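Visitor: Curious how this folds, go ahead:
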Amino acid sequence: MNPALDFAHAHAARFRQELADLLRIPSISTDPAYAQEMIQAADWLVNHLNAIGLRAERIDTQRHPMVYAEWMNAGDAPTVLVYGHYDVQPADKSDGWHTAPFEPVEHEGKIYARGATDDKGQFFAHVKAVEALLQADGKLPVNVKFIIEGEEEAGSGSIRHFIDTQPDQLRADVCIISDTSMVNIDQPVIINALRGGIAFELRVTGPRQDLHSGMFGGTVHNPALALAEILSQLHHPDGRVAVPGFYDDVRPLTDDERAAINALNWTESDWQEATGAPAPWGESGYSLLERIGARPTLEISGMSSGYTGSGFKSIVPGSASAKIGCRLVADQDPQRVFERIRTYIEQITPPTVQVDLTWGRGFPASLVNIDHPVMQTAVQAYESGWGVRPVFKREGGSIPIVGDFQQKLGLPVVLMGFGLDSDNLHGPDEHFSIAMFERGIATSIAFLQLMQPELE
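Guide: Numbers count the residues shown, from 1 in each chain. Sure, this is the predicted structure:
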């Protein structure tokens, strides 16, 4: 018998209705027109968290407010910090939605609405777990803090400033983040690594302006051609990045780590169905899952030069540019990688053109040892909530704030995702499985109940 679980089951319909109330608020952080809705969503959360027995407050910032809440009456027991974000991507029915994106609809076991899985539904599972424990037991087995930001979709600037200036308010023994997904409902997944990244722009210039190709073609090194020549030298034929020193700081994979990564049954057919590409490409000697989650990459995300309108224009363009991004893994320093790329590009640039690299952004990778006690607690919690032992996976994407929690606050981070890869996050008809929501609540309850003996 678990009274908290019994409470959650008995109030499941109300929990979904409360989630729907939050989903109705169009908290779009990237559009200034929704500034008031952002405040409305933050206030809704503050009121709700206070109502279920926490001490909650709105923290105003220069952009969008954050919500902080705590229950700190468990004495010397560990403290669990739960992170989430209430801001969402823009959405309009004309984008291809079958229903209005901010009018939640339950259909065939799913809740359809913008933010349902990214990230309102996922972090709300922890809110409901805390409520169930407080109502069933009158207390929590551990201390709990929530920090819910409103700028995850817009760069997380305010929470980074908060971590830098008020780190003590977020001190804890572990941070839980539910903003990831799994392939199917039957096999839970714990993400134990996220890649970091850098982004920059490479600009190649030649003549001071576009030139008539009949008068000057063949005498001026075309910047578009020079750009293509430079980019073609960034990789070896086998897919490895050709920049000297690019892999110097990459931590080698152990046999156990490779076994854990490849335990997830994801075949080349799965990859082909997901990508639509004719055949795999990439660094030889590594599986598809290893390339995605455990190896760094260098990608060209955009190129532009000259005339691109309808018809033709007979010119030699004055410049050409490419936007380039790298996914980084543990121990790679973003600034150091950028400087190595800059040095290499400058070395291979012909004297007939000039290059300039403009830094965009950078953040480190995140890695949590799967043998860490909190990870093993998470394994037990998933077994309780799902009835199945989870597998570990290194994710190819990034949640930049994870690195701040790890490096600035010294927190182990558990990526306790409850979403599915098929939830259409950021796309039309975003949805969240009701079964995943309920299993997420059960898993969160189990994690909080298991934390105290595990870390004593």
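
Visitor: State the pLDDT value of the residue minimising distance to the centre of the chain.
Guide: When CA atoms, centre = their mean is applied to the chain, the residue found nearest the centroid is I399 (3.3 Å). With respect to pLDDT, I399 scores 82.

Visitor: So which residues of the stretch 101-250 of the chain form helices?
Guide: 121-137, 157-165, 213-216, 223-231 (DSSP state H, counting those that start in this stretch).

Visitor: wait, R160 sits on V402?
Guide: No. With contacts counted by CB atoms under 8 Å, R160 stays clear of V402, the gap being 11.9 Å. (C-beta placed from N, C-alpha, C; glycine too.)

Visitor: Neighbour count for the two, which is higher?
Guide: Just comparing R160 and V402: by other CB atoms under 10 Å the higher neighbour count belongs to V402, 26 against 17.

Visitor: Can you name the residues that contact the more buried one?
Guide: Each residue near V402 by CB atoms under 8 Å, 6 or more residues apart in numbering is listed here: 177, 194, 366, 413, 415.

Visitor: rerun that using 6 Å as the cut-off
Guide: Each residue near V402 by CB atoms under 6 Å, 6 or more residues apart in numbering is listed here: 194, 366, 413.

Visitor: Can you give me the end-to-end span of stretch 109-121?
Guide: 14 Å (CA to CA, to the nearest Å).

Visitor: for that stretch, which positions count as buried?
Guide: 110-121 (16 or more other CB atoms under 10 Å).

Visitor: Could you find the closest non-adjacent residue to the residue nearest to the centre of the chain?
Guide: Leaving aside its sequence neighbours, I399 sits nearest to L194 (CB to CB, 6 or more residues apart in numbering; 5.7 Å).

Visitor: beta partners for that neighbour?
Guide: S366, E395 (DSSP bridges).

Visitor: same deal with the one 4 residues further on?
Guide: According to DSSP bridges, C326, G362 are recorded as the beta-bridge partners of I198.

Visitor: Tell me the spacing between it and D404.
Guide: For I198, the distance to D404 (CB to CB, to the nearest Å) stands at 16 Å.

Visitor: Could you do L81 as well?
Guide: Where D404 is concerned, L81 sits at a distance of 12 Å (CB to CB).

Visitor: Kindly report the same for F437.
Guide: From F437 across to D404, the span is 28 Å (CB to CB).

Visitor: and if you look at D87?
Guide: From D87 to D404 the distance is 17 Å (CB to CB).

Visitor: Quick check: mean pLDDT of stretch 165-184?
Guide: Stretch 165-184 comes out at a mean pLDDT of 94.

Visitor: Can you give me the first-to-last residue distance of it?
Guide: Using CA to CA, the two ends of stretch 165-184 sit 40 Å apart.

Visitor: Stretch 112-119 too?
Guide: Distance between the two ends of stretch 112-119: 13 Å, counting by CA to CA.

Visitor: for stretch 27-36, same thing?
Guide: 9 Å.

Visitor: Tell me which residues are up against it.
Guide: Against stretch 27-36 from outside (CB under 6 Å, 6+ apart): 26, 37-38, 41, 64, 86-88, 90, 150-151, 153-154.

Visitor: Please flag which of the residues you listed sit within strands.
Guide: Among the contacts of stretch 27-36, the subset assigned to strands under DSSP state E is empty.

Visitor: who's in contact with G239?
Guide: Contacts of G239 (CB under 6 Å, 6+ apart): 282-283.

Visitor: and it, how far is that from L415?
Guide: With distances taken as CB to CB, G239 is found 27 Å from L415.

Visitor: swap in P223?
Guide: Separation of P223 from L415 (CB to CB) stands at 43 Å.

Visitor: Now K120: closest residue in space that isn't a chain neighbour?
Guide: L22 (5.4 Å).

Visitor: Surely that neighbour forms part of a helix?
Guide: Yes. According to DSSP: H, G, I helix; E, B strand; the rest coil, L22 belongs to a helix.

Visitor: Identify whichever of the helices of the stretch 101-250 of the chain lies nearest to P278.
Guide: Closest to P278 of the helices of the stretch 101-250 of the chain is helix 223-231 (CB to CB; 21.4 Å).

Visitor: Buried residues, the closest one. List them.
Guide: Here helix 223-231 shows 223-227, 229-231 as buried, counting by 16+ other CB under 10 Å.

Visitor: Likewise for stretch 64-72?
Guide: Buried residues in stretch 64-72, defined by neighbour count with 16+ other CB under 10 Å: 64-71.

Visitor: Tell me the one of those residues nearest P101?
Guide: Nearest to P101 among the buried residues of stretch 64-72 is H64, at 19.3 Å by CB to CB.
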